[in-house]
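> Please find the sequence and the predicted model below.
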Amino acid sequence: MVTIRDVSNYCNVSVATVSRVLNNPEKVAADTRERVLDAIKQLDFRPNEMARNLVGGETGLIGVVVNTIGKEYFSRLTAGIDAAVFEAGFRGVTMTNNQTVEMTVRAVHMLASLRCQALVIHCNIISDEELTTLMTRTPSLILLCRKLKGFEDRCIYIDNEAAGRTVAEHLFAKGHRVVAQIGGPQSHIDSVARQQGFADYFAEMGAPVAPGPDFHGDFSEEAGAKGMKAVLEARPDVTAVFCHDDHIAWGAIDHCRANGIHVPDDISIVGFNDLERSRYMTPRLTTLRQPLWQFGYAAGKLAIAFATGASDEARGEFSGEQVYVLDERDTVRAI
């Protein structure tokens, strides 16, 4: 790797002169400046941007904390964040929290120690109280896919309760009256909100619905299969199931297929997130689509605003022409 000293030796000037050409070129004589610039080109010298930024008190880094990067949901979010960060000339540093509170806090502290100018975190397993402490101690921390009272201007989120109602309205319009849910962990804020909105709508319509998801698990296909088994054993008369994530819905459909239960002829299933597989599987999954890339991009833009001192102009709550849309495909039938 070519260093700044290599450049100085090549054109027989001091390291300080090369540094001035890079940072304050107007302070260097024209002929010397041209010699240094030519040496940089000939040697293909690439300045250490981080070192230069540190001299000015800025790193140009935006820290990101998500549950994992191994699932499409999070890869879409981080892709949106990266696009906004790169567009602004910053760099993203991403860490995962292994879905634990301890790892989330440690990741935030580690990224802060790297002097990241702003942070974006996605964490639905940490309590409001703990998160409030974290947000207070880190004034440039942006919260993704969650609303926290008192920090709305630093949150990018949608109304998951309203999203749950949207799914309920769709099933009710299709004639379904005996319905169930398969949700994520009871500690997961988004899943709890979807559960509430869905159950409230059916309660208002006077239709029977479990007081909460008939099964709580993680957002996995295995949890979906176990959840569907539990639903069918407890409520054999159920006609439709709302799964709080597409992975759960995939597992639920696999369980039905393995046990001779036909979707949607025997039971209807709705997912959440509209992941790619849902569009091409058989039958194609009816699911509620969130603009995940746009969420990430909005969070990245908000982080940049806080990093550059433009937070007064920034907006919190995600706003767009389409916040979420129910994609009606093949796994729900009218009865």
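Received the coordinates, thanks. Numbers count the residues shown, from 1 in each chain.

> Shouldn't residue 92 be within a strand?
Yes: under DSSP: H, G, I helix; E, B strand; the rest coil, residue 92 sits within a strand.

> where's the closest residue to it other than its chain neighbours relative to residue 155, distance?
Nearest residue to residue 92 in three dimensions, chain neighbours excluded: residue 85, at 4.6 Å (Cβ to Cβ, 6 or more residues apart in numbering). C-beta: built from backbone N, CA, C; applies to glycine. For residue 85, the distance to residue 155 (Cβ to Cβ, to the nearest Å) stands at 18 Å.

> These two - which one has more neighbours?
residue 85 (28 against 20; other Cβ atoms under 10 Å).

> So which residues of this structure form helices?
Applying DSSP state H to the chain gives helices spanning 4-10, 15-23, 30-43, 49-55, 72-87, 101-113, 128-137, 160-173, 189-205, 221-234, 246-258, 276-280, 292-307.

> worst average pLDDT in these?
Among the helices of the chain, helix 49-55 carries the lowest mean pLDDT, at a mean of 54.

> what comes up buried for stretch 28-40?
Neighbour-count burial for stretch 28-40 flags 28, 33, 35-37, 39-40 (criterion: 16 or more other Cβ atoms under 10 Å).

> Could you double-check that residue 142 sits in contact with residue 304?
No: assessed by Cβ atoms under 8 Å, residue 142 is found out of contact with residue 304, at 9.7 Å.

> For these two, list the residues in contact with both.
Residues touching both residue 142 and residue 304 by Cβ atoms under 8 Å, 6 or more residues apart in numbering: residue 118.

> neighbour-wise, which of these two wins?
residue 142 (32 against 22).

> Can you give me the pLDDT of residue 152?
Taking residue 152 on its own, its pLDDT is 89.

> ok, how many other residues are close to it?
Counted with other Cβ under 10 Å, residue 152 comes out at 13.

> So the residue nearest to residue 283 when sequence neighbours are not counted versus residue 279, what's the distance?
Among residues not flanking residue 283 along the chain, residue 330 sits closest, at 3.7 Å (Cβ to Cβ, 6+ apart). Counting by Cβ to Cβ, the gap from residue 330 to residue 279 is 11 Å.

> Overlap in contacts, these two.
By the contact definition Cβ under 8 Å, 6+ apart, residue 330 and residue 279 are jointly contacted by residue 285.

> Can you mark which positions in stretch 260-279 are buried?
263-264, 267-275, 278.

> Redo these as JSON lines? Include distance to residue 295.
What follows is these, written out as JSON lines (distance: Cβ to Cβ, whole Å):
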{"residue": "263", "distance to residue 295": "29"}
{"residue": "264", "distance to residue 295": "30"}
{"residue": "267", "distance to residue 295": "31"}
{"residue": "268", "distance to residue 295": "28"}
{"residue": "269", "distance to residue 295": "25"}
{"residue": "270", "distance to residue 295": "21"}
{"residue": "271", "distance to residue 295": "18"}
{"residue": "272", "distance to residue 295": "14"}
{"residue": "273", "distance to residue 295": "11"}
{"residue": "274", "distance to residue 295": "13"}
{"residue": "275", "distance to residue 295": "14"}
{"residue": "278", "distance to residue 295": "18"}
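
> Closest one to residue 167 out of these, please.
residue 270 (5.3 Å; Cβ to Cβ).

> Look up the residues forming beta bridges with that closest one.
Note on residue 270: beta-bridge partners by DSSP bridges are residue 242, residue 286.

> my read: it touches residue 244, true?
No: Residue 270 is beyond contact range of residue 244, at 9.7 Å (criterion: Cβ under 8 Å).

> centroid residue for this structure?
In the chain, the centroid-proximal residue (Cα atoms, centre = their mean) is residue 77; its distance is 3.8 Å.

> what sits against it?
66, 122, 144-145, 292-293, 295-296, 299.

> Quick check: the residue nearest to residue 92 vs residue 134, distance?
Look at residue 85 and residue 134: by Cβ to Cβ, they are 21 Å apart.

> Same check on residue 162?
For residue 162 relative to residue 134 (Cβ to Cβ), the value is 27 Å.

> Name the residue in those two with the higher neighbour count.
The neighbour comparison of residue 162 against residue 134 (other Cβ under 10 Å) goes to residue 134, with 21 against 13.

> If you drop the residues flanking it in sequence, what lies closest to that one?
Take residue 134 and drop its neighbours on the chain: the residue closest to it by Cβ to Cβ, 6+ apart is residue 108, 6.2 Å away.

> The one you found touches residue 141, doesn't it?
Yes: Residue 108 is in contact with residue 141 according to Cβ under 8 Å; the separation is 7.1 Å.
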